[in-house]
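**Q** Build the 3D model from these lines:
(one chain, ligands or ions: 1)
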Amino acid sequence: MTMGPEERFAAARALMVMIDEMIEGAILVDKDARIVWSNDKHVWFDSKQMASLGLRSVADMVGQPVERVIPHSRMREVVETGRSLPLDIMRYGEHILLVSRLPLRDEGGEVVGALAFALKNSLTYLRPIADRFNKLQSRLARMEQELAASRASKHTVENLIGFSPAMLQVKRLVRKAGQITSTVLLLGETGTGKELVAHAIHAASDRVDRPFVGLNVAAIPDNLLEAEFFGVAPGAYTGAGRQTRPGKFQLADGGTLFLDEIGDMPLPLQAKLLRALQEREVEPLGSNQVIKVDVRIIAATSRALPDMVKSGAFRPDLYYRLNVFPIHLPALRDRKEDLDILASFFSERTAVSLDQPMRDLTPSALDMLRGYDWPGNIRELANILEQLYVRTEGERILAEDLTDILPRTVASASVSPTRTRTLAEAMDELERSLILAALDEAKGNKLEAARNLGLSRTNLYAKLRKHGITTASEG
Ligand SMILES: Nc1ncnc2c1ncn2[C@@H]1O[C@H](COP(=O)(O)OP(=O)(O)OP(=O)(O)O)[C@@H](O)[C@H]1O
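**A** Down below sits the predicted model:
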């Protein structure tokens, strides 16, 4: 026997009469969200509205659009989408009710209407859940506070080491950038502290309690970048391995988005980024809807963006949009006044992390450090100190300790062995010189250099960091 809508409504009604003991209110609507039946408990009806409409009894309601008697009803959503809303918490006047809504379908699966019922004693059922929820909420809030506090204390301007005039100027600009909301562009060679400065700006801003989200453009393959930036919409067909997820813009909503190596951004995506910055909204992959976002942008690059604009590799309009508040981070070789304090800072940090006594640097060792030109800047200095602790002994750091550890200039980093070295050292040097040669040949174009070396760009990028190779001259 097949059942038409009428029979289905009757069955649903019979069911709800049967469970009358348990339910406070029950209602049935047709596919146009007009009331077919309701029980006579009036918890969710707006009695004033009913009176003004001249509806005195349940019978008068039949045929009325459901919203006329339950102003915030979600029944229309159920009949229109065919999706049930099995658990919803609604407030009707002084009542708080647990409401379940289900679509009614015919044999062929077509939605013919929907039913809803509210559990009696909802508050009694809800209380344990609500208590647990409240407890979790306050625990989360506490943890967020602690996290923000620890983040704030680790990444403030005060933690930027250096008192050279160039560094003092950087600190002034960082504080200023904290007070405004403009886009900041951080310029400087690799390892000069761009990421650290981005954190410090965030920590100095009133967004400090909101997320700081970083995205390294060079470390992500071009074809995945768009999804990374803007997210993937539900049901989007974007090929294997990509699931619905928010993009970095959404994750950073209300906070700061740090875009590192912005100069490595492919041109088509530059246009999309520009649009997102101008409109303050993003469109997830596979979606035709835009999402409003409130994000403060800090971009960074070690490349010469003006040259890239001239050669057509970087959009001028995006460049102007980013270059609102530029901060130049000095190379370590240009602020050697800071070397002593930085070196002892990293000496202490390494000692603590290796659980060893701290070693002082002798004047001759410091002289040697000052004589080196630090292509990898502060990151390279930190690495050198770490190597000193691991590869040498002694209570103090001597110049001799450094001779083996400080890289020789590029010209002498050849393959011919001039002294006894381990195989690993020799291979490291060979790798370094091959990368430098490939970069040179590709005129600084990392993508081309990576291709010629048979490496992925991400891989090359990791190796550049490892060897402290700067790419500031490219572009
Ligand atoms: N002024 C500073 N005081 C203390 N530590 C610093 C300072 N500048 C940089 N560092 C440290 O040096 C390392 C490199 O810094 P960071 O990653 O911020 O550089 P970067 O310019 O973003 O590098 P890249 O361009 O390669 O991404 C980090 O460990 C950072 O903590």
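**Q** Please count neighbours and contacts with C-alpha atoms only from this point.
**A** Noted.
**Q** any idea how far residue 384 is from the residue nearest to residue 368 when sequence neighbours are not counted?
**A** Of all residues not flanking residue 368 in the chain, residue 399 sits nearest, at 6.5 Å (CA to CA, 6 or more residues apart in numbering). As for residue 399, its distance to residue 384 is 13 Å (criterion: CA to CA, to the nearest Å).
**Q** who's more crowded, those two?
**A** Higher neighbour count among residue 399 and residue 384: residue 384, with 20 against 17, using other CA atoms under 10 Å.
**Q** I'd assumed residue 297 was in a strand, is it?
**A** Yes: checked against DSSP: H, G, I helix; E, B strand; the rest coil, residue 297 lies within a strand.
**Q** tell me the contacts of it?
**A** Contact partners of residue 297, counting by CA atoms under 8 Å, 6 or more residues apart in numbering, are 182-184, 256-259.
**Q** circling back: if I pick the residue nearest to residue 368, what's in contact with it?
**A** Residue 399 touches 362, 364-366, 368, counting by CA under 8 Å, 6+ apart.
**Q** Let's see that with 10 Å instead.
**A** Listed by CA atoms under 10 Å, 6 or more residues apart in numbering, the contact set of residue 399 reads 361-369.
**Q** How about residue 50?
**A** Applying CA under 10 Å, 6+ apart, the residues near residue 50 are 56-57, 60-61, 68-70.
**Q** between these, which is nearest the ligand?
**A** Comparing the contacts of residue 50 against the ligand with CA to the nearest ligand atom places residue 70 closest, at 56.6 Å.
**Q** I figured the closest one was touching residue 45, is that so?
**A** Yes: the criterion here is CA atoms under 10 Å, and residue 70 meets it with residue 45 at 5.3 Å.
**Q** Quick check: neighbours shared by these two?
**A** Shared contacts of residue 70 and residue 45, counting by CA under 10 Å, 6+ apart, come down to residue 92.
**Q** what lines up beside the longest strand seen in the chain in the sheet?
**A** When the chain is parsed with DSSP state E, its longest strand is strand 95-105. Here strand 95-105 is paired, per DSSP bridges, with strand 85-92 (antiparallel), strand 111-119 (antiparallel).
**Q** I'd like those strands laid out as TSV, including mean pLDDT and distance to the ligand.
**A** TSV is the format used below for the strands paired with strand 95-105 (pLDDT from 0 to 100; distance: least, CA to the nearest ligand atom, whole Å):
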stretch	mean pLDDT	distance to the ligand
strand 85-92	81	47
strand 111-119	91	56
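**Q** In the stretch 251-400 of the chain, what residue spans correspond to helices?
**A** Here the stretch 251-400 of the chain has its helices, by DSSP state H, counting those that start in this stretch, at 267-279, 305-311, 316-322, 339-354, 363-371, 377-391, 399-403.
**Q** so the fifth one versus helix 377-391, what angle?
**A** What separates the directions of helix 363-371 and helix 377-391 is an angle of 140 degrees, with axes from the mean of the first three to the mean of the last three CA atoms, to 10 degrees.
**Q** Pull the number of nearby residues for the closest residue to residue 83 other than its chain neighbours.
**A** Of all residues not flanking residue 83 in the chain, residue 103 sits nearest, at 6.7 Å (CA to CA, 6+ apart). Residue 103: 25 surrounding residues under other CA under 10 Å.
**Q** Also the one 5 residues further on?
**A** When counting by other CA under 10 Å, one arrives at 6 neighbours for residue 108.
**Q** do residue 466 as well
**A** Neighbours of residue 466 (other CA under 10 Å): 15.
**Q** show me the contacts for residue 270.
**A** Contacts of residue 270 by CA under 10 Å, 6+ apart are 262-264, 276, 314-315, 317-319.
**Q** Measure how the longest helix along the chain sits relative to strand 85-92, angle-wise.
**A** Secondary structure of the chain per DSSP state H: the longest helix is helix 122-154. Going by the same axes, to 10 degrees, helix 122-154 is angled at 100 degrees with respect to strand 85-92.
**Q** can you pull the buried residues of whichever helix or strand comes after helix 122-154?
**A** Toward the C-terminus, helix 122-154 is succeeded by helix 165-179 as the next helix or strand (DSSP states H and E). By 16 or more other CA atoms under 10 Å, the buried positions in helix 165-179 come out as 167, 170-171, 173-175, 177-178.
**Q** hmm, back to that, mind listing the shared neighbours of residue 399 and residue 384?
**A** Counting by CA under 10 Å, 6+ apart, the contacts common to residue 399 and residue 384 are residue 369.
**Q** residues of stretch 16-23 that come out buried?
**A** Neighbour count says stretch 16-23 has 16, 20, 23 buried, by 16+ other CA under 10 Å.
**Q** residue contacts, the last one?
**A** This points to residue 23. Shown in contact with residue 23 (CA under 10 Å, 6+ apart): 16-17, 39, 41, 98-99, 117-122.
**Q** Need phi/psi at it.
**A** phi -110, psi 150 (degrees, to the nearest 10).
**Q** Roughly how far does it sit from residue 438?
**A** Taking CA to CA, one finds residue 23 at 75 Å from residue 438.
**Q** Report the closest residue of the stretch 251-400 of the chain relative to the ligand.
**A** Nearest to the ligand in the stretch 251-400 of the chain, going by CA to the nearest ligand atom, is residue 379, at a distance of 4.1 Å.
**Q** Could you verify my assumption that that residue touches residue 191?
**A** Yes: at 4.8 Å, residue 379 counts as touching residue 191 under the criterion of CA under 10 Å.
**Q** roughly how far apart are the residue of the chain found nearest the ligand and residue 174?
**A** Here the chain gets closest to the ligand at one residue, residue 193, 3.1 Å apart by CA to the nearest ligand atom. According to CA to CA, residue 193 and residue 174 sit 12 Å apart.
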